[in-house]
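> Fold the following for me, if possible:
(chains A, B, C and D)
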There are 2 protein chains.
Amino acid sequence: MPKLGMEPIRREALVTAAIAEIGAAGSLDVTVSAISKRAGMSSALAHHYFGNKDQIFLAAMRHILAGFAVEVHSRLSLANTPRDRLKALVEASFARSCFDPEVISAWLNFYVKAHSSPDAMRLLRVYQRRLRSNLIHALRPISRKPEELADAIAALIDGLYIRAALGAPISRDPAATILAFTAPHLEDDQ
Amino acid sequence: MPKLGMEPIRREALVTAAIAEIGAAGSLDVTVSAISKRAGMSSALAHHYFGNKDQIFLAAMRHILAGFAVEVHSRLSLANTPRDRLKALVEASFARSCFDPEVISAWLNFYVKAHSSPDAMRLLRVYQRRLRSNLIHALRPISRKPEELADAIAALIDGLYIRAALGAPISRDPAATILAFTAPHLEDDQ
DNA sequence: TTTTTTATTGACTCGTCAATCAATAAAAAC
DNA sequence: GTTTTTATTGATTGACGAGTCAATAAAAAA
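Predicted coordinates:
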């Protein structure tokens, strides 16, 4: 059976399975066996390709981050005004692919994981810095305090995320809500 | 050594130790032994009083919720106008006792735990409902859409919490920030 | 065709940890 | 002073799960 070039296929399958498994369990208390089984292989193979469980989680996180980056860039490339760029960033955070319950659950767990894993924390910082600098860049022409506004918007995004993860009441259109709260804090000129 | 009436003392010590241990580890992957050791007793005794590990976690959560309720009520009792009540609620969320890193870390972990433990979820709902109804009550006289505003404020609180837990950039005065974002959405008459 | 490389797994090892239990001790009740 | 109740722990059990390894198989390279 050994066909060549299985590695990327196996890795992808494991990453997908890990996200699904984390989503189903609602925690990182998921066995390598369960992930491997869902991905259609033995746990030994998972260890062969990833070394250990943490590496699987990190790969899953990178996968999710990459998906988010795609959402951001595709929207950002269509935006011409600062306002549109802001809209693009907020809406990207609530795109289907990012707002998928499985993905939200993974995020929440990685938030926690970051507290005990320097690698996870590093990855999280990458996301945070990217979002922050994108927000500030979009806000600079239309806000007197772009940094503060950016941090507040980021907090609103995170908050809506966590509430979505918990099934708490949130508006049906989170992006619009965030923009509505942001609007009064923006200048009126383009 | 057996002095009578040790149970409440032991329970309290275990709850405190559990919160400290969770804060130090940054996760719920904490052994009963570690908690018991910190609390100055054997793990067998912890099991004797609490039955199992989950009960210790739940008790810790109840302890934190109770602390929050104290912060809320003490501030609410001094507030006379709707605006003051809103301020009281937001400021209570960022009171020293609630904003303690250990406590924030515990909250974050319980958020996750709630996904796999109906008991934890039930407790979380209690907090969410209380905060929501308090917010709506404060907002009703000064907002046209108290429910929506309440949900947005709750999201901001949660978001700032999570960011504080992660050491992400947040304003030095979170409560003031939230009120600043809320203000434009309020009517002007008290 | 032989050898090397890649893919793959079942079985096993080794720790860890929640939960139990029997045993001890001291207060309180009788 | 005997008995019961409460407090307490060391030692043990039992399960589970991460990571290893030797063995197998098939493609590719020689």
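> Name the residues of chain A found near chain B, please.
A:25-27, A:29, A:105, A:108-109, A:111-116, A:124, A:128, A:132, A:147-148, A:151-152, A:154-163, A:165-166, A:168-171, A:177, A:181, A:184-185 (Cβ under 8 Å from any Cβ of the partner chain). From N, CA and C alone the C-beta is placed, and that goes for glycine too.
> Quick check on the residues you listed: which are buried?
Buried members of the residues of chain A next to chain B, scored by 16 or more other Cβ atoms under 10 Å in any protein chain shown, are A:25-27, A:105, A:108-109, A:111-115, A:124, A:128, A:132, A:148, A:151-152, A:154-163, A:165-166, A:168, A:170-171, A:177, A:181, A:185.
> Quick check: buried residues in the lengthiest helix in chain A?
The helix that spans the most residues within chain A, counting by DSSP state H, is helix A:53-76. Using 16+ other Cβ under 10 Å as the test for burial, helix A:53-76 gives A:53, A:56-61, A:63-65, A:68, A:71-72, A:75-76.
> And the helix or strand following that helix, how far out from the chain middle?
Next helix or strand after helix A:53-76 toward the C-terminus (DSSP states H and E): helix A:82-93. Mean C-alpha position of helix A:82-93 versus that of the full chain (Cα atoms, centre = their mean, to the nearest Å) differs by 16 Å.
> quick revisit: among the buried ones among the residues of chain A next to chain B, which ones are in strands?
For these, not one is inside strands, with DSSP state E as the criterion.
> Restricted to helices, list those.
Using DSSP H, these in helices are A:25, A:105, A:108-109, A:111-113, A:124, A:128, A:132, A:148, A:151-152, A:154-163, A:165-166, A:177, A:181.
> what comes into contact with stretch A:29-49?
For stretch A:29-49, the external contacting residues (Cβ atoms under 8 Å, 6 or more residues apart in numbering or on different chains) are A:7, A:10-11, A:13-14, A:16-18, A:20-22, A:53, A:56, B:116.
> hmm, try it at 10 Å
Applying Cβ atoms under 10 Å, 6 or more residues apart in numbering or on different chains, the contact partners of stretch A:29-49 are A:6-25, A:50, A:52-53, A:55-57, A:59-60, A:109, B:28-29, B:112, B:116.
> Return the residues of chain A in contact with DNA strand D.
Applying Cβ under 7 Å from any atom of the strand, we find that chain A lies next to DNA strand D at A:1-4, A:30-33, A:43-44, A:47, A:51-54.
> Are any of the residues you listed buried, and if so which?
Applying 16+ other Cβ under 10 Å to the residues of chain A next to DNA strand D flags A:V30, A:V32, A:S43, A:K53 as buried.
> what's the spacing between the closest residue to the second one other than its chain neighbours and DNA strand C?
In this structure, A:V32 finds its nearest non-sequential neighbour in A:S43, 4.7 Å apart by Cβ to Cβ, 6 or more residues apart in numbering or on different chains. Counting by Cβ to the nearest atom of the strand, to the nearest Å, the gap from A:S43 to DNA strand C is 7 Å.
> so which strand or helix has A:V15?
Using DSSP H and E, A:V15 falls in helix A:7-25.
> I'd say A:L156 and A:A176 touch.
No. Using Cβ atoms under 10 Å, A:L156 is not in contact with A:A176; the gap is 11.9 Å.
> Find the residues that touch each one of these two.
Joint contacts of A:L156 and A:A176 (Cβ under 10 Å, 6+ apart) are A:V90.
> Of the buried ones among the residues of chain A next to DNA strand D, which pair is most distant in space?
Based on Cβ to Cβ, the longest span within those runs between A:V30 and A:S43 and measures 11.8 Å.
> Flag the shaky bits of chain A, pLDDT-wise.
By pLDDT under 70, the low-scoring segments of chain A are A:1-2, A:188-190.
> what's next to stretch A:142-149, contact-wise?
By Cβ under 10 Å, 6+ apart, stretch A:142-149 touches A:81-83, A:85-86, A:132, A:135-140, A:150-152, A:182, A:185-190, B:169-171, B:177, B:180-181.
> Now do the end-to-end distance for that stretch.
Using Cα to Cα, to the nearest Å, the end-to-end distance of stretch A:142-149 comes out at 11 Å.
> Stretch A:74-85: which residues count as buried?
Those would be A:R75, A:L76, A:A79, A:P82, A:R83, A:R85, for stretch A:74-85 by 16+ other Cβ under 10 Å.
> what residues are up against the fifth one?
Looking back up the chat, that one is A:R83. So A:R83 contacts A:A138, A:L139, A:P141, A:I142, A:L179, A:T182, A:A183, A:L186, A:Q190 (Cβ under 10 Å, 6+ apart).
> Please spell out the ChimeraX selection for the buried subset of the residues you listed.
With 16+ other Cβ under 10 Å as the criterion, this ChimeraX line picks the buried residues out of the contacts of A:R83:
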select /A:138,139,142,179,182,186
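> Distance from stretch A:57-69 to the middle of the chain?
7 Å.
> Contact residues of chain A facing DNA strand C?
Counting by Cβ under 7 Å from any atom of the strand, chain A sits next to DNA strand C at A:1-7, A:10, A:41-45, A:48.
> which of these lies closest to B:A95?
A:S43 (46.5 Å).
> Please tell me how far that closest one sits from B:V15.
As judged by Cβ to Cβ, to the nearest Å, A:S43 and B:V15 stand 37 Å apart.
> Check A:A180 too.
On the measure of Cβ to Cβ, A:A180 and B:V15 end up 41 Å apart.
> Likewise for A:L45?
Taken as Cβ to Cβ, the span from A:L45 to B:V15 is 43 Å.
> the more surrounded of these two?
Neighbour count, other Cβ atoms under 10 Å in any protein chain shown: between A:L45 and B:V15, B:V15 has more, with 22 against 15.
> Return the residues in contact with that one.
So B:V15 contacts B:I35, B:A39, B:F50, B:I56, B:F57, B:L58, B:A59, B:A60, B:M61, B:R62, B:H63, B:I64 (Cβ under 10 Å, 6+ apart).
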